[in-house]
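Trainee: sequence plus the predicted model coming up.
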Amino acid sequence: MSDTENEGEPKPAGEEQKRIIAQLIKDEPPMVAGATYYVISWRWYEDWRLFAKLDETDEEGGQGSEDAVEAPGPIDNSELLSDKAYKAKGKEPTVRAGQEGRFYSVVSAKVWQQLHSW
């Protein structure tokens, strides 16, 4: 069973999520034209990174590394949508203009699918 086929199973702990996503990121090739990528709210992704301690290496430890951070819940990209268009009846939401790394991050399809499955 692949890492993305875990419906009905409990969510793995933050450290296991970190391991899975770090491996997916390590194994993926650089961005190429024609490949599928997903936009994800920077705020949600940053909350998940804090929960999973993605930016910490095993050697770091250090003060505060044991502080528990709550899982961020399902991916929420609503802040990427224009509020006016989103609330207007009969109209599709439109994406706000923004800057990668400030408002959103771009992730591969495999990373998106894994994060979405949790």
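Mentor: All right, it came through fine. Numbers count the residues shown, from 1 in each chain.

Trainee: what's the longest helix in the chain?
Mentor: helix 14-27 (DSSP state H).

Trainee: tell me which helix or strand the residue nearest to Asp76 when sequence neighbours are not counted sits in.
Mentor: In space, Asp76 comes closest to Trp44 once its chain neighbours are excluded; the distance is 5.3 Å by C-beta to C-beta, 6 or more residues apart in numbering. The way it works is simple: take the backbone N, C-alpha and C, and place the C-beta from them, glycine included. According to DSSP states H and E, Trp44 maps onto helix 42-52.

Trainee: tell me how many other residues crowd the residue nearest to Asp76.
Mentor: 21 (other C-beta atoms under 10 Å).

Trainee: list the helices and strands the helix holding Trp44 packs on?
Mentor: Judged by 3 or more C-beta pairs under 8 Å, 6 or more residues apart in numbering; DSSP states H and E, helix 42-52 is in contact with helix 14-27, strand 104-108.

Trainee: for this structure, name the helix or strand with the lowest mean pLDDT.
Mentor: Across the helices and strands of the chain, the lowest-confidence element by mean pLDDT, DSSP states H and E is helix 83-87, at a mean of 57.

Trainee: quick one on the thing from earlier: and the helices and strands packed on helix 42-52 as TSV, adding mean pLDDT and distance to Leu115?
Mentor: Below are the helices and strands packed on helix 42-52 laid out as TSV (pLDDT from 0 to 100; distance: least, C-beta to C-beta, whole Å):
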stretch	mean pLDDT	distance to Leu115
helix 14-27	94	7
strand 104-108	92	7
